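Build me a model from this:
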Amino acid sequence: MTETRRDGEAGPIRRLLLALMGVGTAGLLAELALLEHYESGWQWVPLVLLGAGLLLGIAVWLKPSAVTLRLFQALMAAYVVAGAVGFWLHFRGNVEFELESDPSLGGLALVWAALQGATPALAPGAMAQLGLLGLVLAFRHPALARRASPTSRAGAGDAPV
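Purely as a prediction, here's the structure:
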């Protein structure tokens, strides 16, 4: 099977992944807006990233060029980082609240209480998950493929990257 044939078969799957990204991004953006997740500067980060994700997702859908895909990959990496930072901020806020409520808490009891706290510590994982899904979508995308040089011989090592 040639590389072109394999890329053609991946097209519908890539479009499905991009549609899932769009639905997930729009849903998460709506959820954060409904929760009024904009009281501090840090809370605006996921809103801005998700808004940019919707716009870039449309650009990738309409014209999947190397430029739009590289920007998309960078944004998806930012989603993953924002998810990790969001987890830390939620968890840290819950730890502070739990210690104010019960200063005797410590160790695993404190960790467990913080994970179950009022601010959902694991919720930012949805953002990281969307970022990972986007990175899978862009992995070895045909628009990112480099053309093999005319002097190179055809073979498995010349597959598009």
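
which other helices and strands contact the helix or strand hosting Gly11?
Of the helices and strands defined by DSSP states H and E, Gly11 is found in helix 3-34. Helix 3-34 is packed against helix 41-62, helix 125-138, with contacts defined by 3 or more CB pairs under 8 Å, 6 or more residues apart in numbering; DSSP states H and E. Placement of C-beta: from N, CA and C, glycine included.

Need those helices in a markdown table (columns: mean pLDDT and mean neighbour count).
Shown next, in a markdown table, are the helices and strands packed on helix 3-34 (pLDDT from 0 to 100; neighbours: other CB atoms under 10 Å):
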| stretch | mean pLDDT | mean neighbour count |
| --- | --- | --- |
| helix 41-62 | 95 | 16 |
| helix 125-138 | 96 | 20 |
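
is it possible to export those helices to TSV including distance to Arg14?
Below are the helices and strands packed on helix 3-34 laid out as TSV (distance: least, CB to CB, whole Å):
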stretch	distance to Arg14
helix 41-62	9
helix 125-138	6
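
what's the closest of these to Glu96?
When these are compared by CB to CB, helix 41-62 sits nearest Glu96, at 14.5 Å.

measure the nearest residue to Leu17 once chain neighbours are set aside to Gln43 for me?
Excluding the flanking residues, the one nearest Leu17 by CB to CB, 6 or more residues apart in numbering is Leu137, at 4.1 Å. Per CB to CB, to the nearest Å, Leu137 is found 27 Å from Gln43.
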